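J.: need a 3D model of the following:
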Amino acid sequence: MFGQNRFYKSLENFPKIFTHQLVMSASNFQFSAEGESFSGCISYRPVSAATFFVDYAFWRGNAAGQHSTNILLHFIVTVLAFYLFLRLTANTSVAFFAAALFAVHPVQTEVINTIGYRSDILMTLFSLAAILSYWRYSLEGKKGKWLLLCGGSYFLALFSKETALVLPILIFMLERFFIAAPERRNIPHILRDKIHSILTLTTITTFYIYVYFVLMPNLVYLQQAPQAYTGFAKFIVALKVFSMYFMALVVPSTVSILPPLYAPPVYPLEWWHIAMPLALILGSIVLARQFIRRDKVVSFGILWFFIAYLPVSGIVPLLNPLAYRFLYLPSIGFFLVAAVGINVICQRILLSKASPNMLFLLKGALLGLCVALTLSINGFYKNDIVACREMIRRYPESSRPYWILGLEYYRLGRYSEAVEFLQKHLIMPTNNPFISDDKEKFLTYHLLGIASQDPDVAIDYLNKARAIYPGLVQINLDLAKNYLAKKDYAKALAYAENAVERDPNLTQAYVYAVHIYSEMGNWDSAHAVLKQAVKMFGETPQLKAVKEHLNQKEQMP
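T.: Residues are numbered from 1 along each chain as shown. Next comes the predicted model:
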C-alpha cells in the first residue's frame, strides 16, 4: 500500500476518497505491479484512507512513523475500553486488568503491526466513543451534544469499516442491561424513551447502507466468488475458524502470523471439529443465561463478543476467512469476562489466607506472558520474507505464502529462489476463495515464465499461461523475448508482430520488433517499424533511445 505505491503520496488523490475510485477489486490489489497508484481499499472506507494521507504528510516514507500512528490509536482504544469497563463493573482493578489484557494480548499483533489493517482500530475507537457518548447522553438529562457526538462517532465508525453496523445492537444491549430503569427495560419502553437516539442511529445506518450498496458498491463482497465455500463446507470452515479464534484468546501461545486469504481445510474432519465449537457456543449461551441475574456484566460481555463476532463469523463471504484482526472489537467482550473471572479466582485465593501480593503476582505473570509472546510475534512482521517463512512453518498447507515469497524474490532479482517457491505454489491446493483456479495458475505460469533463466523452461510456462488466456499481448512479448534469446528469430518475430497486430497502441511491441530485426541484420525492416512507431507515438524518450541504439548497432563492423 505504501512502499512503491503512489496513491497516498499525492494530495491530488485525496478527493478520490469521496468517489468510487477509492474502491478496487481484490485481484488488482493482490497482483498489482510496483509503482502503481491504487488505494488498497476493497470496500468503501474513506476515514481509514484519510488517515493514510495524514500519515504521509507527517512521516513521508518512514514506516516507523506509520507504526507509531497505529500504536497511538491502539492506546486511545485501550483508554476508551478502560472507561467502558469501569462504567460496567464499577471496579477500577477489574477495569484496568481487562484493559491491560486487551492492550498486550498477542491476538492484537496483526491489527497493530499491519498498517493497512488500521480500519479495525479506527472502527473500534469510534464505536467505543459512540457507546460512551450514548451513556453520557442517557445519564445527563439527554443533552443533545452527547447524542450528536454519539451519532458523529457512529458515522465515522461505519466509514472506517462496515462491521460497525453491529453498534446499534450493542447500544440496545447496554440500554437493556445497565441504563434503563429496571421497570422500563422491555422493548416497548426503550423504543418510547429513546426515540431520538433510535431515529439518529437509524438515519445514519440507512444512509450508510445506501452509500455502501448503491453509491459505492463494494465489488469484492458483491461479486460471485469462484471458490467460495457453500453449504456444509461453509458450516465446517466457520466452526473451525471459531475454534481457532477461541484457542488464540484462551491460549495466547497459539497466536501466530496468518497467511493471507487463509481458511482451515474442510478435510480431514474429526468429530471434535464440530463438537468443540458447538459446545463452546452452547456453553456460552448457558453461562450468559445463568449470570443474567447474578452478574449481568458477564452476560453482557458474552453477548458483546458474539454480537460483534457475527459479521466476521463466515456467515457472509469474507476475503480473509480467518484473520485475527477481526477479533479486535469482539475481544473487548471476551477480556471483560476474563478479567471478571480471574478477579473471582483471586478473591477466592484471598479467602484461603494467601498473601495479597499473590494476586498481584498472578495478574502480573499473565500480563507478562502476553507481553513476551506479543514481542516475539512482532518479529514475524519484519518483512515479507520473514513473515511468509513463518506462515509456511505454521500453515504448510496454505498456498499464498509460497506465491508471495516467489513474488518477493523475483522483485529482489533472486530468480532461482523465486522459481523454487512459485513451483511449490503451483503444486499446492489453491485456497483463494475469490480467484478462480485458472487465474491463479495463469499468474503463476506467467511469473515463472518471466523468472526462469532457461529460455526453454520459460517458453514452456509461458505457453501454459497463453493456453489459459490466449489474448493477452504481454505473453506474446515474453515469448518473443525468449525465442530471441534462443536466436530463433522467425518465432520471435512472429510473436512480436502478433503483439503489434493485437494492440497497435503498445509501444513495447514495436520496440521488440525493431530489436529482433536488428539482431537479424534486417536494417531496412527495423527502420521501417521504428518509423511507424514514431509516427504513432511521436519522438518519445524510449523511441529516441531505440533509434540511437539501432544506429550504433548498424554502424558496427
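
J.: ok, the residue nearest the centre of the chain - contacts?
T.: The structure's the chain has its C-alpha centroid closest to residue 117; by C-alpha atoms, centre = their mean the separation is 5.6 Å. Shown in contact with residue 117 (C-beta atoms under 8 Å, 6 or more residues apart in numbering): 110, 111, 325. Heads up, the C-betas are built off the backbone N, CA and C, glycines and all.

J.: how about a cut-off of 6 Å?
T.: Contacts here follow C-beta atoms under 6 Å, 6 or more residues apart in numbering; on that basis residue 117 touches 111, 325.

J.: do you know how far it is from residue 472?
T.: Counting by C-beta to C-beta, to the nearest Å, the gap from residue 117 to residue 472 is 33 Å.

J.: ditto for residue 465
T.: 8 Å.

J.: what do you get for residue 52?
T.: 32 Å.

J.: who has more neighbours, the two?
T.: residue 52 (23 against 17; other C-beta atoms under 10 Å).

J.: so that one sits in a helix?
T.: Yes: looking at residue 52 with DSSP: H, G, I helix; E, B strand; the rest coil, it is inside a helix.

J.: if you skip the residues just before and after it, what's nearest to it?
T.: Nearest residue to residue 52 in three dimensions, chain neighbours excluded: residue 8, at 4.5 Å (C-beta to C-beta, 6 or more residues apart in numbering).

J.: number of residues surrounding residue 468?
T.: Count around residue 468 with other C-beta under 10 Å applied: 18.

J.: who's in contact with it?
T.: 438, 442.

J.: 8 Å instead?
T.: Residue 468 touches 438, 441, 442, 445, counting by C-beta under 8 Å, 6+ apart.

J.: on contacts alone, who are the packing partners of the strand or helix carrying residue 210?
T.: Using DSSP states H and E, residue 210 maps to helix 195-210. Counting contacts by 3 or more C-beta pairs under 8 Å, 6 or more residues apart in numbering; DSSP states H and E, the secondary-structure elements packed against helix 195-210 are helix 144-158, helix 167-174.

J.: tell me which of those helices sits nearest to residue 289.
T.: helix 167-174 (14.3 Å; C-beta to C-beta).

J.: returning to what we had before: what angle sits between the helix holding residue 210 and helix 144-158?
T.: Helix 195-210 and helix 144-158 are oriented at 20 degrees to each other (axes from the mean of the first three to the mean of the last three C-alpha atoms, to 10 degrees).

J.: circling back: tell me the one among the contacts of residue 468 nearest to residue 400.
T.: Using C-beta to C-beta, the contacts of residue 468 come closest to residue 400 at residue 441, 14.3 Å.

J.: care to break this structure down by domain?
T.: Domain ranges of the chain: 67-378, 383-470, 484-557, per automatic domain parsing.

J.: wait, which of the ones you listed is closest to residue 45?
T.: Go through the domains of the chain one by one with C-beta to C-beta and the one that ends up closest to residue 45 is domain 67-378, at 5.1 Å.

J.: quick one: mean pLDDT for that closest one?
T.: Domain 67-378 comes out with an average pLDDT of 89.

J.: just stretch 472-479 next, same as before
T.: 88.

J.: off-centre distance for it?
T.: 32 Å (C-alpha atoms, centre = their mean, to the nearest Å).

J.: backbone dihedrals for residue 41, please?
T.: phi -90, psi 120 (degrees, to the nearest 10).

J.: and it, what are its bridge partners?
T.: For residue 41, the beta-bridge partners under DSSP bridges are residue 23.

J.: which residues does the closest residue to residue 9 other than its chain neighbours contact?
T.: Spatially, and ignoring its direct neighbours in sequence, residue 9 is nearest to residue 56 (5.7 Å; C-beta to C-beta, 6+ apart). With contact set as C-beta under 8 Å, 6+ apart, residue 56 has these partners: 2, 8, 9.

J.: if I look at the closest residue to residue 11 other than its chain neighbours, how far off is residue 273?
T.: Leaving aside its sequence neighbours, residue 11 sits nearest to residue 53 (C-beta to C-beta, 6+ apart; 6.9 Å). Distance of residue 53 to residue 273, given as C-beta to C-beta: 44 Å.

J.: how about residue 181?
T.: 45 Å.

J.: more neighbours, the two?
T.: When neighbours are counted by other C-beta under 10 Å, residue 181 and residue 273 differ, and residue 273 comes out ahead with 17 against 8.

J.: next up, the contacts around the more buried one.
T.: Here residue 273 is in contact with 236, 239, 240, 243 (C-beta under 8 Å, 6+ apart).

J.: next, it: phi, psi?
T.: When read as degrees, to the nearest 10, the backbone of residue 273 gives phi -60, psi -30.

J.: extract the C-alpha set from stretch 204-211 and format it as CSV.
T.: Coordinates of each C-alpha in stretch 204-211 appear next as CSV, following Å, rounded to 0.1, in the frame of the first residue of the first chain:
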residue,chain,number,x,y,z
ILE,A,204,-27.1,7.1,9.9
THR,A,205,-27.4,3.4,9.2
THR,A,206,-29.8,3.9,6.3
PHE,A,207,-27.6,6.5,4.8
TYR,A,208,-24.5,4.2,5.1
ILE,A,209,-26.3,1.2,3.6
TYR,A,210,-27.3,3.4,0.6
VAL,A,211,-23.7,4.5,0.1
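
J.: right, I'll call it a day here.
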